[in-house]
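Visitor: Give me a model of this one.
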Amino acid sequence: MKSMIHKISICTCLLFIIQKYNSQIETDVKDFRIGMKGGLNHSVVNATDDVGEKSGYIGTELYGGFVAQKRLTSRSFIQVSALISYTDDVTFIELPIYYRYNVYNKISVFGGLKLQYIPDVQYNNFNYFRKRLGVNADLGADYQIIKNLYFEASFSKAFTKQYDNTALDYYYSKRNVYRIGFTYYIN
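Guide: Next comes the predicted model:
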């Protein structure tokens, strides 16, 4: 009986210490946050022309959408977003999922995969959509400006040849994106 009381006392003490320790870890960082993000895309569309030479499109456009983030540990997070962006005259709905890690004070790095879907009507403005759903790999960093506002920069590398533009004579295009913008968490 004495042994059982001793074990219960030790377990109670350990639970109290763990609870106290957890309550002191970064109390200003919420476990689940939602917000908005937006900024500029610099798109580099790599393609080929009708004789097989390198071709494509380069342009700067806007992007925006919603973001949700779940804390895993005191320094790591899973972040998912639903974004809309444009390149040339093509609309993309993007669904990235990132692992984000706080490397130093207000600086974090993130990376992951992104699905991008083209919802536009087929043959809209001389575009032919080979594959509406594409996959990209993203890598980036962000800086916390104030408690709920972050500046971010990222690069997205395309794996899928998604569309042709017959008016500009480029085919089998892959869309790589350099991006800068802001994320604002509302909670």
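Visitor: just checking, residue 40 touches residue 61?
Guide: Yes - look at residue 40 against residue 61 with Cβ atoms under 8 Å: they come within range, at 7.3 Å. C-beta coordinates here come from the backbone N, C-alpha and C atoms, glycine included.
Visitor: ok, and the closest non-adjacent residue to residue 117?
Guide: Counting by Cβ to Cβ, 6 or more residues apart in numbering, residue 117 lies nearest to residue 93, which is 4.7 Å off, once chain neighbours are set aside.
Visitor: Now do the one you found against residue 75, distance only.
Guide: For residue 93, the distance to residue 75 equals 31 Å [Cβ to Cβ, to the nearest Å].
Visitor: Poorly predicted segments of this structure, please.
Guide: 1-29, 123-125 (pLDDT under 70).
Visitor: Show me where it has its helices.
Guide: With DSSP state H as the criterion, the chain has helices at 2-24.
Visitor: re earlier: any idea how far the residue nearest to residue 117 is from residue 159?
Guide: Distance from residue 93 to residue 159, by Cβ to Cβ: 17 Å.
Visitor: and these two? which has more neighbours close in?
Guide: For residue 93 and residue 159, the more surrounded residue by other Cβ atoms under 10 Å is residue 93, and the numbers stand at 16 against 10.
Visitor: Kindly provide the distance from that one to residue 130.
Guide: Noted for residue 93: a distance of 17 Å to residue 130, by Cβ to Cβ.
Visitor: What of residue 144?
Guide: Counting by Cβ to Cβ, the separation of residue 144 from residue 130 is 40 Å.
Visitor: Residue 82: neighbour count?
Guide: Neighbour tally, residue 82, other Cβ under 10 Å: 12.
Visitor: Name the residues linked to it by a beta bridge.
Guide: residue 66 (DSSP bridges).
Visitor: I figured it was touching residue 97, is that so?
Guide: No - using Cβ under 8 Å, residue 82 makes no contact with residue 97, being 10.9 Å away.
Visitor: beta partners of residue 57?
Guide: residue 45.
Visitor: same check, this time on residue 96
Guide: Beta-bridge partners, per DSSP bridges, of residue 96: residue 114.
Visitor: Compute the number of surrounding residues for it.
Guide: Count around residue 96 with other Cβ under 10 Å applied: 24.
Visitor: can you check residue 85 too?
Guide: Residue 85: 24 neighbours (other Cβ under 10 Å).
Visitor: Could you do residue 72 as well?
Guide: Residue neighbour count, defined by other Cβ under 10 Å, stands at 12 for residue 72.
Visitor: Surely it touches residue 79?
Guide: No - counting by Cβ under 8 Å, residue 72 stays clear of residue 79, with 10.5 Å between them.
Visitor: dump the residue contacts of the residue most central in space within the chain.
Guide: For the chain, residue 96 is the residue whose C-alpha lies nearest the centre (Cα atoms, centre = their mean; 4.4 Å). Counting by Cβ atoms under 8 Å, 6 or more residues apart in numbering, residue 96 touches 79-81, 83, 112-115, 138.
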